[in-house]
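S.K.: Compute the structure for the input listed below.
(one chain, ligands or ions: 1)
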Amino acid sequence: MTTRTALVTGASRGIGAATVVLLAKQGYSVLAVDVAADDPALPYPMGSGAELSAVVEQAGEHVEAFIADVRDPAAIAAAVAEAERRWGGLDVAVAAAGVIAGGVPLWEVPPEQEQAVLEINLNGVVNLARAAVPALLRRPEPRSGRFLAVASAAATRGLPMLAAYCAAKAGVAGLIRALGAELGRTGVTANAVSPGSTDTPILAESARLYDLPGAESFAAQQPLGRLLDAGEVAAALAFLAGPDSGAMTGAVVPVDGGLAL
Ligand SMILES: NC(=O)c1ccc[n+]([C@@H]2O[C@H](COP(=O)([O-])OP(=O)(O)OC[C@H]3O[C@@H](n4cnc5c(N)ncnc54)[C@H](O)[C@@H]3O)[C@@H](O)[C@H]2O)c1
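M.R.: Numbering: from 1, shown residues only. The predicted model follows:
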């Protein structure tokens, strides 16, 4: 058990929610952050306020909900400030919020969808790093702060009809490598996981974009032959969040059932 504190974006459902629940189980105090509202640019629902409340309820007494859009630097700074105020500091920040759009070649994607994908999936991670890394560095030495992002197998694969998503996720991988180098000897590290096809609403939306019957259609292309569960990705994030990952920085770790092979 730990007394560390964490902030997780994209916390209403999917990988973010599973990470909140697992970190809380391991003793972390967690600020569960989500936009909790649909996005007018995107044709599928985001996580809701009710889902966010249910995650907080499930995770226990040391978890609080915080509504913020990762595109809004002031809102994300306020979330970090809230975690520090409530629990006296921040040890882990996890950028899990993400969206998908596409289904047509890049040049045919409505500009507002392309913008949402780039701004949420890439700038959202930059915004969290800008607010959270100084908080991680405010902890006294010796530090073991962790900045974590959820990239994707799309960071290294050229997926047709998902070009903006691939660009954003490749951007996240590059950001994490550079951040790891910048953080150097501080005791704070930066790492990412790159999930494969994981059974969450974003994958259901991906199936719709490819005119497939459902998320399960993606199982066969993964060497494991099945979809991943959000908890399996959360398990890797929880390892990276903890002190035992201290030898790793700037790493982008596939948690993808072999999808990127
Ligand atoms: N599910 C997969 O197959 C898969 C594969 C690779 C990478 N990923 C990545 O994993 C991460 C989590 O996705 P998921 O699978 O849990 O999807 P999901 O759709 O279930 O969850 C995404 C969450 O992010 C929130 N969110 C969206 N826009 C936001 C914003 N502007 N500000 C704050 N929160 C916002 C949503 O409300 C939702 O709760 C994403 O970054 C996604 O790109 C998922």
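S.K.: Mind pulling up the pLDDT for the residue in the stretch 51-200 of the chain that the ligand sits nearest to?
M.R.: Closest contact between the stretch 51-200 of the chain and the ligand, by CB to the nearest ligand atom, is at residue 98 (2.2 Å). The way it works is simple: take the backbone N, C-alpha and C, and place the C-beta from them, glycine included. Confidence at residue 98, expressed as pLDDT, is 98.
S.K.: mind checking the SS state of the nearest residue to it once chain neighbours are set aside?
M.R.: Spatially, and ignoring its direct neighbours in sequence, residue 98 is nearest to residue 121 (5.0 Å; CB to CB, 6 or more residues apart in numbering). Classification of residue 121 using DSSP: H, G, I helix; E, B strand; the rest coil returns helix.
S.K.: Tell me who's in contact with residue 121.
M.R.: For residue 121, the contact set (CB atoms under 8 Å, 6 or more residues apart in numbering) comprises 98-99, 165, 168-169, 171-172.
S.K.: Specify which member of those residues is nearest to residue 254.
M.R.: residue 169 (12.3 Å; CB to CB).
S.K.: Phi and psi next, for the closest residue to residue 9 other than its chain neighbours.
M.R.: Counting by CB to CB, 6+ apart, residue 97 is the residue found nearest to residue 9 once chain neighbours are left out, at 4.0 Å. Main-chain dihedrals, residue 97, degrees, to the nearest 10: phi -60, psi 140.
S.K.: shouldn't residue 97 be in contact with residue 16?
M.R.: Yes - look at residue 97 against residue 16 with CB atoms under 8 Å: they come within range, at 6.6 Å.
S.K.: what do those two both touch?
M.R.: Joint contacts of residue 97 and residue 16 (CB under 8 Å, 6+ apart) are 9-10, 34.
S.K.: Can you tell me which of those comes closest to the ligand?
M.R.: The ligand lies nearest to residue 10 out of these, by CB to the nearest ligand atom, at 3.2 Å.
S.K.: Compute the number of surrounding residues for the closest one.
M.R.: 29 (other CB atoms under 10 Å).
S.K.: Much appreciated, bye for now.
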